[in-house]
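**Student:** coords below, sequence missing:
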């Protein structure tokens, strides 16, 4: 253990010192590079003053002609041999020497060529020289000379050509002259177009040497300091930390090996620091573990019992909802299908459908606030009351009004229910409905698309005593369908906390608009699952689809 602590100490010391050195090197390097780069830009700006706008335009025009093959040899020679060109060239060489630069040059700006490099970039020579003062005269380019291009700088040069402004990025490269920084200055004509570029390459050998010496000196100091501290710290670590910790570790191992047998040797550690606290904590932990194991045996047995009861509750709840399909195989007038996927062992959503009398079919979709067992119990009460009070000749508004009052009387937990109930007259096709704060249904007219049916939602059930509910109605024709659901569908959430939403629901319904109810609901659930992915299900997902297939013959 002592060796590991010492190694960690050494590594930590090295990391801290290295980080300090690195920060110093980075800041110093960036500062010096900025100075050198600014020097390069000042040199480029100085060279620009050697030419008038007319001279610059003349040089560029002849260069373009030469590049396009339309310039005569006499025209080029007259320009190159002109007194003004030669004077500018001599001033350029003098400027390079006085600024201690490797090279100062001016090249033709060809944005089209730079934006469209060939596949064989190794042999690409887009640099078309107007002036060049390379420090090696034999390698200096004459007017019209061509050279390769450093592809590392392509994006920056394109930015210069497109914007007409210098870039803040440093052009750093290695050449025969060592470590260099470059400046590229765009030259514009009277119309603001970039027609040429001045390049300056300045060496930075002094910076590289200074950084190397600094790193060597700092590294030597780190090694000396680390060795001295390590020798003095070793004895202290062993006496004050390692030996007591070894004792604690040994006692912990014996506790496991001897089947939770507790020793009193932990009480002999008296370092008066965190190690003593650790020893005392370990002793207390051993006592707690023995007590916990005893309690865990009882808790596990109780958890298994509760789990078994919840499993039974899940089956009981599932059996309370209509789950045998086709639900009414003898009825040709309609088809109906529903599903409920609880978020926990038992859920608070419920659906129902039943015949009120021979010619009226009722459908119910509801969502109890909360989750788990309390919501499931309240669900049973709500489902039973709604079904018991839905009778022939009783308006749905009156049904919800009476159910609401009864739920409020026994609602000590403050739960509430959003509910939708509709009753279809199989003879006339009239669909009477009442909505207590629930989602709007989707209606599909025969052969058409599913569209949300906007209805005014009343207050939730069990929310306030004395509420009055009003029913509405619509006319359904054979072939029409009603799709109803709970908010667990539209509020299904993926790993990025994005909701499934009404738009996705409407889209998947219409992608499957020709499917029968027992095919439509699995398709919607599959789309929700694909959207949610690995994210956990937070709410019950319940859906129901009813198709009015044909009118019932009135008896």
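**Tutor:** Thanks, I have the structure now. A quick note: this is a predicted structure, and the numbers were derived from the prediction, not measured.
**Student:** For residue 489, see how far away the residue nearest to the spatial centre of the chain is.
**Tutor:** Per Cα atoms, centre = their mean, the C-alpha nearest to the average position across the chain is that of residue 496, at 6.8 Å. Distance, residue 496 to residue 489, using Cβ to Cβ, to the nearest Å: 18 Å. Heads up, the C-betas are built off the backbone N, CA and C, glycines and all.
**Student:** repeat for residue 542
**Tutor:** For residue 542, the distance to residue 489 (Cβ to Cβ) stands at 8 Å.
**Student:** who's more crowded, those two?
**Tutor:** Taking neighbours as other Cβ atoms under 10 Å, residue 542 and residue 489 compare with residue 542 leading, 26 against 21.
**Student:** surely residue 13 meets residue 226?
**Tutor:** Yes - in terms of Cβ atoms under 8 Å, residue 13 counts as a neighbour of residue 226; the distance is 5.0 Å.
**Student:** in the stretch 451-555 of the chain, which spans are helices?
**Tutor:** 487-490, 501-511, 517-532 (DSSP state H, counting those that start in this stretch).
**Student:** quick one: which of those helices is nearest residue 31?
**Tutor:** helix 517-532 (52.4 Å; Cβ to Cβ).
**Student:** Show me what the closest one is packed up against.
**Tutor:** If contacts are counted by 3 or more Cβ pairs under 8 Å, 6 or more residues apart in numbering; DSSP states H and E, helix 517-532 sits against strand 334-341, helix 501-511, strand 541-548.
**Student:** pLDDT averaged over it, what's the number?
**Tutor:** Regarding helix 517-532, the rounded mean pLDDT is 96.
**Student:** same thing with stretch 361-378?
**Tutor:** 87.
**Student:** how close does residue 526 get to residue 519?
**Tutor:** According to Cβ to Cβ, residue 526 and residue 519 sit 11 Å apart.
**Student:** can you check residue 138 too?
**Tutor:** Distance, residue 138 to residue 519, using Cβ to Cβ: 83 Å.
**Student:** And these two? Which one has more around it.
**Tutor:** residue 519 (12 against 5).
**Student:** Now the more buried one: closest residue in space, sequence neighbours ignored.
**Tutor:** Nearest non-adjacent residue to residue 519, counting by Cβ to Cβ, 6 or more residues apart in numbering: residue 512, 7.3 Å away.
**Student:** again with residue 449
**Tutor:** Once flanking residues are discounted, residue 449 sits nearest to residue 510: 4.8 Å by Cβ to Cβ, 6+ apart.
**Student:** in the chain, which spans are helices?
**Tutor:** Secondary structure of the chain (DSSP state H): helices located at 2-48, 53-68, 73-80, 83-98, 111-115, 154-163, 205-237, 243-257, 274-320, 372-389, 396-409, 487-490, 501-511, 517-532.
**Student:** how far does the first one sit from the chain's center?
**Tutor:** With Cα atoms, centre = their mean, to the nearest Å as the basis, the distance from the averaged C-alpha position of helix 2-48 to the chain average is 33 Å.
**Student:** do the last one as well
**Tutor:** From the chain centre to the centre of helix 517-532 is a distance of 25 Å (Cα atoms, centre = their mean).
**Student:** Give the buried residues for it.
**Tutor:** In terms of neighbour count (16 or more other Cβ atoms under 10 Å), helix 517-532 has its buried residues at 517, 520-521, 524-525, 527-528, 531-532.
**Student:** what inclination does it have with respect to strand 541-548?
**Tutor:** When axes from the mean of the first three to the mean of the last three Cα atoms, to 10 degrees is applied, the directions of helix 517-532 and strand 541-548 differ by 150 degrees.
**Student:** what's the answer for the second one, then?
**Tutor:** Per the same axes, to 10 degrees, the angle that helix 53-68 makes with strand 541-548 is 70 degrees.
**Student:** tally of neighbours for residue 502?
**Tutor:** Residue 502 has 14 neighbours, counted by other Cβ under 10 Å.
**Student:** same question but for residue 124, I mixed them up
**Tutor:** Neighbours of residue 124 under the rule other Cβ under 10 Å: 15.
**Student:** How about the contacts made by it?
**Tutor:** Each residue near residue 124 by Cβ atoms under 8 Å, 6 or more residues apart in numbering is listed here: 117-118, 148-149.
**Student:** at 10 Å instead, please
**Tutor:** Contact analysis of residue 124 by Cβ atoms under 10 Å, 6 or more residues apart in numbering lists 113, 117-118, 146, 148-149, 151.
**Student:** So among those, which ones count as buried?
**Tutor:** Judged by 16+ other Cβ under 10 Å, buried ones among the contacts of residue 124: 113, 149.
**Student:** check contacts around the residue found closest to residue 225 once you drop the neighbours it is linked to in the chain.
**Tutor:** Nearest residue to residue 225, sequence neighbours excluded (Cβ to Cβ, 6+ apart): residue 13, at 7.1 Å. By Cβ under 10 Å, 6+ apart, the residues touching residue 13 are 222-223, 225-226, 229-230.
**Student:** cool, residue 487 as well?
**Tutor:** By Cβ under 10 Å, 6+ apart, the contact list for residue 487 reads 349, 367, 418, 438-439, 499, 539-542.
**Student:** Over to residue 158?
**Tutor:** The neighbourhood of residue 158, defined by Cβ under 10 Å, 6+ apart, consists of 111, 114-115.
**Student:** Mind checking which of those residues are buried?
**Tutor:** residue 114.
**Student:** Just give me the closest of the contacts of residue 158 to residue 182.
**Tutor:** The shortest gap between residue 182 and any of these belongs to residue 114, at 16.1 Å (Cβ to Cβ).
**Student:** just to revisit the earlier point, any idea which of the contacts of residue 158 is the one closest to residue 193?
**Tutor:** Closest approach to residue 193 among the contacts of residue 158 (Cβ to Cβ): residue 111, at 9.2 Å.
**Student:** Quick check: closest non-adjacent residue to that closest one.
**Tutor:** Leaving out its chain neighbours, the residue that sits closest to residue 111 by Cβ to Cβ, 6+ apart is residue 161, at 4.5 Å.
**Student:** Nice, that's everything, thank you.
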